[in-house]
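Colleague: quick check, what structure comes out for this input:
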Amino acid sequence: MPAAVPVWHQLARSCATTSRSATPSSSAAPRTTDSSGLGPRRFYERVTVEPAPSSVDKENGNVFGGFVVHLDGKSALTSARNLLQAQSRTLAIALAGEWDAQQDRLRPSSMPLTRLLAASLDVVQHDKQRFQDNILRFVHTDSFALRADYPRELVSRQNELLEPVEEHLKQLGIHYRIVRGALEATQEQKTVDAIRDIVKQLDHLQLAAMDSAASCGKSAAVAVAMWHGLDAGQATNAARSEEVWQAEIWGTVEGGHDLDHADVCVRMNAAELVFRCAGLHREPEPS
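Modeller: Alright, predicted model coming up:
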C-alpha cells in the first residue's frame with residue numbers, strides 16, 4: 001500500500017461543508033487559516049488520481065473500489081485518517097483539480113468538493129439520521145414556499161426564478177403549499193414523507209451534498225430539485241430569488257452581496273457535481 005499523508009488537518013476544518021447547525025465542531029481540525037481565509041503553504045508539487053488500494057480486479061484490470069487523490073505519490077487522508085477516496089473517476093479528477101489549482105497558500109473555501117467528501121467520510125456516514133433530519137427541518141420554513149406578497153415586480157420575478165424548482169418537484173410528485181408574506185408554510189404530511197423517502201435513499205456523499213445545498217438555500221425543495229437535475233445556476237438564483245431581484249434593481253454591494261452569491265454558487269456547483277457523478281439525474285422508476 002502506498003504511503004499516506006494526512007493532508008486535511010492542514011486546512012481550516014475537516015467538515016466545513018455542511019450546514020452550520022449540523023457541522024459537528026468537535027470533529028473539526030485545528031484552525032490553521034489566517035484572517036484572510038488562507039491556510040498553510042502548498043506542501044506538495046504533483047497531484048494524481050490512483051485506484052484505491054485493493055480495488056483493482058487482477059484478472060481484467062477493472063477498478064471497482066474507487067479512486068484516491070495522491071499528493072507527491074502519497075494517498076491523501078482526511079483528519080479522521082480516511083482515504084480521500086471517490087467512487088467515481090470523474091469526481092476524483094475534480095477533487096484532484098481542486099488541490100492542483102491551489103497556489104502558494106491553500107484556500108479551503110476554494111475546495112468545496114474536498115470539504116464535502118471529507119465531511120461525508122469523517123462525519124456523515126456515522127450519523128446519517130442527524131443529517132437526514134437536518135434537511136427535513138427546512139420543509140415547513142422552506143424559502144421555496146415562503147414568498148413575497150409585494151411589490152408586484154418582486155412577486156413576478158420570484159415566480160420566474162422558482163419555476164424550474166417547481167417543475168422538478170412536479171415530476172417527482174411533490175406538492176408544496178405556497179404562502180406569501182408569512183414566516184412559516186406548514187406542508188402536508190405527504191410532502192414531508194416524499195422528501196424523507198428521497199433523503200433516506202442517499203449514500204453518505206450524496207447526503208452531505210444535499211445537506212449543503214439545503215442549508216445554503218434554506219430549502220429542502222431546492223436541494224431535492226438539484227438531486228433530480230436542477231442545475232447549480234438555477235438553484236443559486238432560486239435560493240436567492242429576492243436578493244437577485246434587489247441586485248437587478250439597485251445593484252450589488254461589492255464585498256458583500258457578490259461574495260454571498262459566490263459562496264452559494266460554489267456550494268451549489270459542488271453539490272451538482274456530486275449528484276451528476278452519482279448518476280441521479282433521472283426520473284423515478286415506476287412502481
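Colleague: count the residues that sit near the residue nearest to residue 47 when sequence neighbours are not counted.
Modeller: Excluding the flanking residues, the one nearest residue 47 by C-beta to C-beta, 6 or more residues apart in numbering is residue 100, at 4.3 Å. The C-beta positions use only the backbone N, C-alpha and C, and glycine is treated the same way. Using other C-beta atoms under 10 Å, residue 100 has 16 neighbouring residues.
Colleague: now do the strands in the stretch 101-250 of the chain.
Modeller: Ranges of strands in the stretch 101-250 of the chain, per DSSP state E, counting those that start in this stretch, are 146-147, 179-180.
Colleague: domain map for this protein?
Modeller: 4-126, 128-277 (automatic domain parsing).
Colleague: nearest to residue 154, of the strands of the stretch 101-250 of the chain?
Modeller: strand 146-147 (8.8 Å; C-beta to C-beta).
Colleague: is it correct that the residue nearest to residue 47 is in contact with residue 49?
Modeller: No: assessed by C-beta atoms under 8 Å, residue 100 is found out of contact with residue 49, at 10.4 Å.
Colleague: quick one: contacts of stretch 184-199?
Modeller: 132, 135-136, 139-142, 145-146, 172-179, 207, 210, 220, 224, 227 (C-beta atoms under 8 Å, 6 or more residues apart in numbering).
Colleague: go with 10 Å
Modeller: 128, 131-136, 138-147, 169, 172-179, 206-207, 210-211, 214, 220-221, 223-224, 227-228, 280, 284 (C-beta atoms under 10 Å, 6 or more residues apart in numbering).
Colleague: and stretch 230-243, how far from the chain's centre?
Modeller: 14 Å (C-alpha atoms, centre = their mean, to the nearest Å).
Colleague: ends of that stretch, how far apart?
Modeller: 20 Å (C-alpha to C-alpha, to the nearest Å).
Colleague: can you list the buried residues in it?
Modeller: 230, 232, 234-241 (16 or more other C-beta atoms under 10 Å).
Colleague: for residue 157, state which of those residues is nearest.
Modeller: residue 241 (7.0 Å).
Colleague: contact partners for the closest one?
Modeller: 143-144, 147-148, 154, 157-162, 165.
Colleague: mind checking which of those residues are in helices?
Modeller: 154, 157-162, 165 (DSSP state H).
Colleague: where in the stretch 51-200 of the chain is pLDDT low?
Modeller: 54-64 (pLDDT under 70).
Colleague: give me that answer again for 50
Modeller: Scanning the stretch 51-200 of the chain for pLDDT under 50 picks out nothing.
Colleague: show me where the stretch 101-250 of the chain has helices.
Modeller: 112-122, 128-136, 152-171, 189-200, 204-217, 220-228, 232-239, 241-250 (DSSP state H, counting those that start in this stretch).
Colleague: what would these look like in TSV with distance to residue 268?
Modeller: Converted to TSV, the helices of the stretch 101-250 of the chain look like this (distance: least, C-beta to C-beta, whole Å):
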stretch	distance to residue 268
helix 112-122	9
helix 128-136	15
helix 152-171	12
helix 189-200	18
helix 204-217	6
helix 220-228	7
helix 232-239	4
helix 241-250	13
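Colleague: out of those helices, which comes closest to residue 70?
Modeller: Closest among the helices of the stretch 101-250 of the chain, once you apply C-beta to C-beta, is helix 112-122, at 13.7 Å.
Colleague: packing partners of the closest one?
Modeller: If you count contacts as 3 or more C-beta pairs under 10 Å, 6 or more residues apart in numbering; DSSP states H and E, helix 112-122 packs onto strand 85-86, helix 89-100, helix 128-136, helix 204-217, helix 257-277.
Colleague: burial check on residue 179, number of neighbours?
Modeller: Residue 179, neighbours per other C-beta under 10 Å, totals 16.
Colleague: the one 3 residues further on too?
Modeller: Residue crowding around residue 182 was assessed by other C-beta under 10 Å; the count is 12.
Colleague: for it, give me its contacts.
Modeller: Contacts of residue 182 (C-beta under 10 Å, 6+ apart): 141, 145-147, 149.
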